[in-house]
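Trainee: Attaching a predicted model along with its sequence, questions to come.
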Amino acid sequence: MPGLPIKRVAVIGAGPAGAIAVDALAQEQAFDVIRVFERREGPGGCWYSSPPDQAILFASCTYVPLTHPRVGDRSKPQTISGFMALADRTADAPLPIPETLPAQTPKSDQPRFSESSVYPYLETNIDFLPMEFSQEPIPNERSERSISVHGPETPFRRWDVIRKYIQGLVERRGYEDFISYSTTVERVEKVGSEWKVTLRKDGSQSYYWWVEWFDAVVVASGHFWVPYIPPIDGLETFEKARPGSVIHSKHFRGCEPFAGKRVVVVGASVSAADIAFDLTGVAKSPVHAITIGHAPNGYFGDEAFNHPRIQRHPSITSVANRTVYLQDGSSIPDVDHIVFGTGYSWTLPFLPSVPVRNNRVPDLYQHVVWQHDPTLLFVGAVSAGLTFKVFEWQAVLAARLLAGRTSLPSLAEMRAWEDARIKARGDGAKFTLIFPDFEDYFETLRKLSGEGAPGKGRQLPKFRREWVRAFLDGHDLRKNMWKRLNAKARDELNGGGKERVVRARL
């Protein structure tokens, strides 16, 4: 990489992408300073739940056994407001920065969307094999729930297994000394040849602000933080009248609040499918699912919505009082809750020089290198598929580039790559989808990364097609589970079986 040697590197985020980025950077043995800034209280990203030793009570869902791990974030999530900003993807505005730094300021009540998305029985929805990093196996710990549904060789892992896995990655080799927790990166800007990073520490009573300077910045902050809720007339009025009646799947904490309630679930992808399916065991029947006219998840399909206690509907046009009006002229009266499983908005409030366009970050070569300045790199700027493993390949490329041990093609070639991909995938979220070209992408990154210096740096193995096979087999397991349990539910209904709701308490 041309220019001055890179000696000081900032990493934003201590989730799975940040954790592997730290190791890739450290193993290059080329940097004087590696600093990691994580706004949560501990490592794990969206798998982190805080505080981890607090317990909540919840009613079990359709097929949840009696015992569960404790989960943090026991308090109810903040009620949702600012629906217009959530709909137009402008909700995550930066906080005003004090004119003089360092500084201490009162806390703000502006939402920053850093709360956990973990709920008590959350498990991975793909096989552990395509998730785990090449040198760090995910522990062979299977939950009773997963075994009861998928058998003793279940490939899925509970959320706390994944959280501890990520924690172990950053608490080895002294890496924890690199990390500043409860620290939000509020602005990253290039000043001359350096990156000025403005930071905010979340104290018990105040915010503490200061600046640090770096030669390069690695953005590994993820993009599953800011909920997207589509614009619907009357929705905010409905929420105002009954605060907490509208939630996003991010704020789902289990089934107890929905017991005996009339629930509408909006969305046709995996989060909406999971929640609608689970609620059939506790909510008033049927659970109303807004799926008609919307494409199901490409990996998991729509089998979950075939449960006999789920009724499908077209899109919502408006909400008035407690009635949800639908596109086909029908309506759902006396609604208690509307749950949105409608995805997330990609936001970079700390990077004013990098605009988000069509819910993706433009001008990233191979989804990693910012073409305008290759000292700004991204790990995790891709859509679902072989995560976390893809983060490792991106992190190694970023580390090699910053260490000066590999090089990039010309700017014209990098722009041509993006132009060709836009023509093939479009200039939206599908641009970031690696499927079905996993092998080509992984091998491209491996070749770009090179071997590095002798005895230094993480070495990337050749791509193994077994990873994709396990990835797809895991999807089939989930689809077959829904098909099997849906058939059982139909048999029970046809045979006059009574619905059983098991209440579990920790």
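Mentor: Ah, there it is. All of these numbers come straight from a predicted model, not from anything done at the bench.

Trainee: now the nearest residue to Ser182 once chain neighbours are set aside: how far from Ser180?
Mentor: Leaving out its chain neighbours, the residue that sits closest to Ser182 by Cβ to Cβ, 6 or more residues apart in numbering is Asp202, at 4.4 Å. Backbone N, C-alpha and C define where each C-beta goes, glycine included. Distance of Asp202 to Ser180, given as Cβ to Cβ, to the nearest Å: 11 Å.

Trainee: got it, and Val379?
Mentor: Taking Cβ to Cβ, one finds Val379 at 18 Å from Ser180.

Trainee: Which residue of the two possesses the greater neighbour count?
Mentor: A direct count of neighbours by other Cβ atoms under 10 Å for Val379 and Ser180 places Val379 higher, at 33 against 15.

Trainee: quick one: contacts for the more buried one?
Mentor: Ala17, Gly18, Ile20, Ala21, Val218, Val219, Ala220, Val368, Phe391, Gln394, Ala395, Ala398 (Cβ atoms under 8 Å, 6 or more residues apart in numbering).

Trainee: go with 10 Å
Mentor: 11-13, 15-21, 24, 218-222, 367-368, 390-399 (Cβ atoms under 10 Å, 6 or more residues apart in numbering).

Trainee: and if you look at Phe83?
Mentor: Taking Cβ under 10 Å, 6+ apart as the criterion, Phe83 is in contact with Ala91, Ile229, Pro230, Pro231, Ile232, Leu235, Glu236, Thr237, Phe238, Glu239, Lys240, Val246.

Trainee: Quick check: the fifth one touching Val324?
Mentor: The reference is to Ile232. Yes - between Ile232 and Val324 there is a contact at 8.9 Å, judged by Cβ atoms under 10 Å.

Trainee: Between these two, tell me which one has more neighbours.
Mentor: Val324 (27 against 21).

Trainee: so when I look at the more buried one, I'm seeing a helix, right?
Mentor: No - counting by DSSP: H, G, I helix; E, B strand; the rest coil, Val324 is not found in a helix; it is strand.

Trainee: and the gap between it and Pro5?
Mentor: 60 Å.

Trainee: Now do Gly3, the pLDDT please.
Mentor: pLDDT for Gly3: 69.

Trainee: The residue nearest to Ser182: how many residues sit nearby?
Mentor: 17.

Trainee: Tell me, what's the model's pLDDT at it?
Mentor: Value for Asp202, per-residue pLDDT: 93.

Trainee: show me the contacts for it.
Mentor: Arg39, Arg40, Glu41, Lys107, Arg112, Ser114, Tyr181, Ser182, Thr183, Thr184, Tyr208.

Trainee: follow-up on the earlier one: out of the contacts of Val379, name the ones that lie in helices.
Mentor: 16-21, 24, 390-399 (DSSP state H).

Trainee: my read is Glu99 is in a helix, agree?
Mentor: No - Glu99 sits outside any helix when classified using three-state DSSP, being coil.

Trainee: and it, how many neighbours does it have?
Mentor: Glu99 has 6 nearby residues by other Cβ under 10 Å.

Trainee: Okay, it and Trp213: tell me how far apart.
Mentor: Per Cβ to Cβ, Glu99 is found 19 Å from Trp213.

Trainee: next one: Thr280
Mentor: For Thr280, the distance to Trp213 - Cβ to Cβ - is 54 Å.

Trainee: The two: which has the busier surroundings?
Mentor: Taking other Cβ under 10 Å, Thr280 and Trp213 do not tie; Thr280 has more neighbours (24 against 13).

Trainee: hang on, the more buried one packs against Ala489?
Mentor: Yes - Thr280 lies in contact with Ala489 (Cβ under 10 Å); the separation is 7.3 Å.

Trainee: Please, where are all the strands along the stretch 401-506 of the chain?
Mentor: Ranges of strands in the stretch 401-506 of the chain, per DSSP state E, counting those that start in this stretch, are 503-504.

Trainee: quick one: low-confidence parts of the chain?
Mentor: For the chain, residues meeting the criterion pLDDT under 70 lie at 1-3, 50-77, 496-506.

Trainee: what do you get if the cut-off is 90, keeping everything else the same?
Mentor: Scanning the chain for pLDDT under 90 picks out 1-4, 46-79, 111-112, 115-121, 204, 223-224, 295-299, 383-387, 429, 493-506.

Trainee: center of it - which residue?
Mentor: Residue closest to the mean C-alpha point of the chain, counted by Cα atoms, centre = their mean, is Phe224 at 3.5 Å.

Trainee: Over to it. Which of the three states is it?
Mentor: Once three-state DSSP is applied, Phe224 turns out coil.

Trainee: do you know how far it is from Asp160?
Mentor: Distance from Phe224 to Asp160, counting by Cβ to Cβ: 18 Å.

Trainee: what do you get for Arg458?
Mentor: Distance of Arg458 to Asp160, given as Cβ to Cβ: 26 Å.

Trainee: What of Ala453?
Mentor: 38 Å.

Trainee: More neighbours: these two, which one.
Mentor: Each of Ala453 and Asp160 had its neighbours counted (other Cβ under 10 Å), and the higher figure belongs to Asp160 (23 against 14).

Trainee: Tell me which helix or strand the more buried one sits in.
Mentor: If you go by DSSP states H and E, Asp160 is part of helix 159-170.

Trainee: Give me the helices and strands touching that helix, please.
Mentor: Where contact means 3 or more Cβ pairs under 10 Å, 6 or more residues apart in numbering; DSSP states H and E, helix 159-170 is packed against helix 16-28, helix 128-131.

Trainee: Check the ones you listed for me and report the most buried one.
Mentor: Among the helices and strands packed on helix 159-170, ranked by average contacts under mean count of other Cβ atoms under 10 Å, first place goes to helix 16-28 (a mean of 27).

Trainee: Direction-wise, compare that helix with helix 159-170 and give the angle.
Mentor: Orientation check (axes from the mean of the first three to the mean of the last three Cα atoms, to 10 degrees): helix 16-28 against helix 159-170 gives 20 degrees.

Trainee: The helix or strand following helix 16-28: partners in the sheet, and parallel or antiparallel?
Mentor: The element immediately downstream of helix 16-28 (helix or strand, assigned by DSSP H and E) is strand 33-37. If you go by DSSP bridges, strand 33-37 pairs up with strand 8-12 (parallel), strand 179-180 (parallel).
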